[in-house]
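1. Next input, structure requested:
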Amino acid sequence: MKIIYGNIDKNGSIVSGSGDFTVENVGTGQYKVGFNQAFHLVPSVVGSQTDYDSSNQSPLDNIAFPFVETTGFSANVGGADGSFQNRSFSFIAIGE
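-> Reported below is the predicted structural model:
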């Protein structure tokens, strides 16, 4: 089993993690995460927005993974109103 994980700041910089991935902020609220070595099969990816620095953050603020592949995934983050916004997030990818 293989696990890749990370904490990403709103600018797309890696704060911490497993060290075997890259991140690029490709648009407002849109990120592309690449794995240094591909999984054999498409992994499961889970995540959440983090470090919003406000206790008023809505539970409707969310993260979505529109594309998950053996070589990486895309992540969209933003506000409860559906707007794309640069936000910090964390993720875990697990698979074979």
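
2. Residue 4 and residue 50, how far apart?
-> Counting by Cβ to Cβ, to the nearest Å, the gap from residue 4 to residue 50 is 17 Å. Where C-beta positions appear, they are placed from N, C-alpha and C, glycine not excepted.

3. Those two: who's more crowded?
-> Taking neighbours as other Cβ atoms under 10 Å, residue 4 and residue 50 compare with residue 4 leading, 22 against 18.

4. Can you name the residues bridging to the more buried one?
-> residue 93 (DSSP bridges).

5. Residue 73 too?
-> Beta-bridge pairing for residue 73 (DSSP bridges): residue 33, residue 68.

6. Surely it is in contact with residue 45?
-> Yes: applying Cβ atoms under 8 Å as the test, residue 73 and residue 45 come out as touching, 5.3 Å apart.

7. who's more crowded, the two?
-> Between residue 73 and residue 45, counting by other Cβ under 10 Å, residue 73 is the more crowded of the two (22 against 19).

8. Quick check: the gap between that one and residue 39.
-> 11 Å.

9. what residues are shared contacts of those two?
-> Shared contacts of residue 73 and residue 39, defined by Cβ atoms under 8 Å, 6 or more residues apart in numbering, comprise residue 93.

10. same for the helix or strand where residue 26 lies, what does it pack against?
-> Assessed by DSSP states H and E, residue 26 sits inside strand 21-27. Where contact means 3 or more Cβ pairs under 8 Å, 6 or more residues apart in numbering; DSSP states H and E, strand 21-27 is packed against strand 2-8, strand 30-35.
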